[in-house]
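Novice: Just to be clear, the model below is a prediction. Sequence and coordinates:
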Amino acid sequence: MLWKGRGRSSSTAVVVPFDADRPAVEAAKRDPDAFGQLYRKYVAQIYSLALYETRDPHTAEDVTEAVFLRALSGLDGFREQGEGAASTFRAWLYTIARHTISNERRRDRRHPAEPIELALDLRATDDTAATAETRLEAERALAAVMELPPERRQAIILRFVHELSAREIGEIMGKSEGAVRVLIHRALASVRQRLES
């Protein structure tokens, strides 16, 4: 952990958790070619988020590319500590992704197109009936999540697909950790209700 302020005993000191990506971020700030390490670490996660949100592999690829281009061009402006709140590179990258996806949605509303169905990647088994039932359950659960209001859907995806903490989700969505926990709780209750009905 890193202490910001005049000293450990200062009442204005803010504890900044160590960002595991700090060495890679510093290297990329010195040499843009070093950004490849961060790209390789997060590209699958950002693509997965974009795919869940857009439900179109081609759009998800475009969004992913745009996110990393924006992150690379804005890397010099990234700070772990800003405006009284600690941040990590991961949370900052997901924030860029969230804004990029929102921009893509606005563009799609202006120029609507038919969505391509999201392919569910389920392992094949010898039991066709069990595979079909598992696929149906997964499709129902995904449909229930996708019908949630945008904030609840994003919170669920960030928490359970990308395994971000409530604190990280709060940073990304501009909410307190407690507000994120309430959002996730309500989202899960809505999904459960939809699946039971």
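Specialist: Received the coordinates, thanks.
Novice: Please, where are all the helices along the protein?
Specialist: 22-30, 35-54, 57-74, 89-110, 128-146, 150-156, 166-173, 177-196 (DSSP state H).
Novice: May I see the buried residues of the longest one?
Specialist: If you call a residue buried by 16 or more other Cβ atoms under 10 Å, then helix 89-110 has these buried ones: 89-98, 100-101, 104. Yep, even glycine has a C-beta here, placed from its N, CA and C like the rest.
Novice: Against which helices or strands is it packed?
Specialist: helix 22-30, helix 35-54, helix 57-74, helix 166-173 (3 or more Cβ pairs under 8 Å, 6 or more residues apart in numbering; DSSP states H and E).
Novice: Now do it: distance to the chain's middle.
Specialist: Mean-position distance between helix 89-110 and its chain equals 10 Å (Cα atoms, centre = their mean, to the nearest Å).
Novice: Likewise for the shortest one?
Specialist: Centroid separation between helix 150-156 and its chain, computed with Cα atoms, centre = their mean, is 10 Å.
Novice: got the buried residues for it?
Specialist: Result for helix 150-156 [16+ other Cβ under 10 Å]: buried residues Arg152, Arg153, Gln154, Ala155, Ile156.
Novice: before we move on, what about the second one?
Specialist: Of the residues in helix 35-54, those scored as buried under the neighbour-count criterion (16+ other Cβ under 10 Å) are 35, 38-39, 42, 45-47, 49-54.
Novice: So for Val161, what pLDDT did the model give?
Specialist: pLDDT, Val161: 81.
Novice: so it sits right up against Leu49, yeah?
Specialist: Yes: with contact defined as Cβ atoms under 8 Å, Val161 counts as touching Leu49 (7.3 Å).
Novice: Can you report how many residues neighbour Glu139?
Specialist: Glu139 is flanked by 14 other residues according to other Cβ atoms under 10 Å.
Novice: Please disregard the earlier target; I meant Lys175.
Specialist: Lys175 has 17 nearby residues by other Cβ under 10 Å.
Novice: that older thread, save the helices and strands packed on helix 89-110 as TSV, and put in distance to Ala141 and mean pLDDT too.
Specialist: Shown next, in TSV, are the helices and strands packed on helix 89-110 (distance: least, Cβ to Cβ, whole Å; pLDDT from 0 to 100):
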stretch	distance to Ala141	mean pLDDT
helix 22-30	35	92
helix 35-54	12	92
helix 57-74	20	92
helix 166-173	20	87
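Novice: sorry, back to before: can I get the buried residues of helix 150-156 in TSV including distance to Val145 and pLDDT?
Specialist: Converted to TSV, the buried residues of helix 150-156 look like this (distance: Cβ to Cβ, whole Å; pLDDT from 0 to 100):
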residue	distance to Val145	pLDDT
Arg152	9	89
Arg153	6	89
Gln154	10	87
Ala155	10	88
Ile156	6	87
